[in-house]
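[1] sequence first, predicted coordinates after that:
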Amino acid sequence: MLSYFLLLWLCLLSSAWLGCGPDSSSSASVEQRNTRSSPSVDTAFYFSLNELLGKFDPAVHPDFARIPAPYATRPDLYLRRKAVEALVRMAKAAQAEGINLRVLSATRSFSHQKDIWERKWYERANSMPDLVLRARSILEYSAMPGTSRHHWGTDVDLNSLRHEDFEAGGPHEKVYKWLCQHAHQFGFCQTYTPLGQNRAFGYREEKWHWSYLPLASPMLEQYVAHVTDSLLTGFAGAQTATSLKIIQHYVLGIDVNCRRRE
Ligand SMILES: [Zn+2]
């Protein structure tokens, strides 16, 4: 008994410097905590600027997990752990009704998005010399690096990147109908619905893009609070961000029903 109290005392004493408690889980966690602005922040929903901007590697990030094989089209698809769990629950429920959900794309890094963006940027250089018009044309379907929800580890592209595949007579018509009826029960929302009453600005409709709101909603709040145009640098055409109101019209250009936390 004496040795127990001695051990407890030593643990309490050492925790002041070394971390005996549950907070001392990994060096990555320590690194994240060091970037936090205040110790009073709700750590369950704190995301660093690098996480918001996609500047990390999901393959080694402790909060990320691989999407398991039956639901992923490639082995290197990652999401935040809670999003993977919700996605698997949703995919199993769909499977029970004969609907196969397959993830084509999940977390994408800043450098991956930069590759996509700059390929289009230089391809269109001759036909669109006006920089803002060129950026706007790319933004019909592709996000500017640092502004994609795919950076967050909360969003997936499912089954096909062609609208006609989800429409009447298309191979994924039933998939889309099932998602519209049930995805919200698992926390997922179609962020890029048709432009109109529920969405005033932003990308064209994407029937394949679904977002896990329990994590994506707090990420959006923190993104809007902490990211400014001046942080969107390091790629061709970055100077167009302010003219395009990139955060107001594109990052915030999501369906009103996806603004709520589920
Ligand atoms: Zn997408």
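    Arrived safely.
[2] interface residues of this structure facing the ion?
    Asp157, His209 (Cβ under 5 Å from the ion). Bear in mind the C-beta positions are built from the backbone N, C-alpha and C, glycine included.
[3] can you show me the strands along the chain?
    Remark: strands of the chain, listed N- to C-terminal, are 64-66, 78-80, 103-105, 155-158, 188-190, 209-212; assignment by DSSP state E.
[4] let me have the ones you listed in a markdown table, adding mean pLDDT, mean neighbour count and distance to Arg136 as columns.
    Below are the strands of the chain laid out as a markdown table (pLDDT from 0 to 100; neighbours: other Cβ atoms under 10 Å; distance: least, Cβ to Cβ, whole Å):
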| stretch | mean pLDDT | mean neighbour count | distance to Arg136 |
| --- | --- | --- | --- |
| strand 64-66 | 98 | 17 | 32 |
| strand 78-80 | 98 | 25 | 29 |
| strand 103-105 | 98 | 18 | 23 |
| strand 155-158 | 98 | 26 | 22 |
| strand 188-190 | 98 | 24 | 23 |
| strand 209-212 | 98 | 26 | 19 |
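[5] what's the distance between the residue nearest to Ala83 when sequence neighbours are not counted and Cys189?
    The spatially closest residue to Ala83, leaving aside those adjacent along the chain, is Tyr212, at 4.1 Å (Cβ to Cβ, 6 or more residues apart in numbering). Using Cβ to Cβ, to the nearest Å, one gets 8 Å for the distance from Tyr212 to Cys189.
[6] now do Ser160
    19 Å.
[7] do Ala106 as well
    Between Ala106 and Cys189 the distance is 16 Å, computed by Cβ to Cβ.
[8] with Pro68 instead?
    As it turns out, when the distance is counted by Cβ to Cβ, Pro68 lies 22 Å from Cys189.
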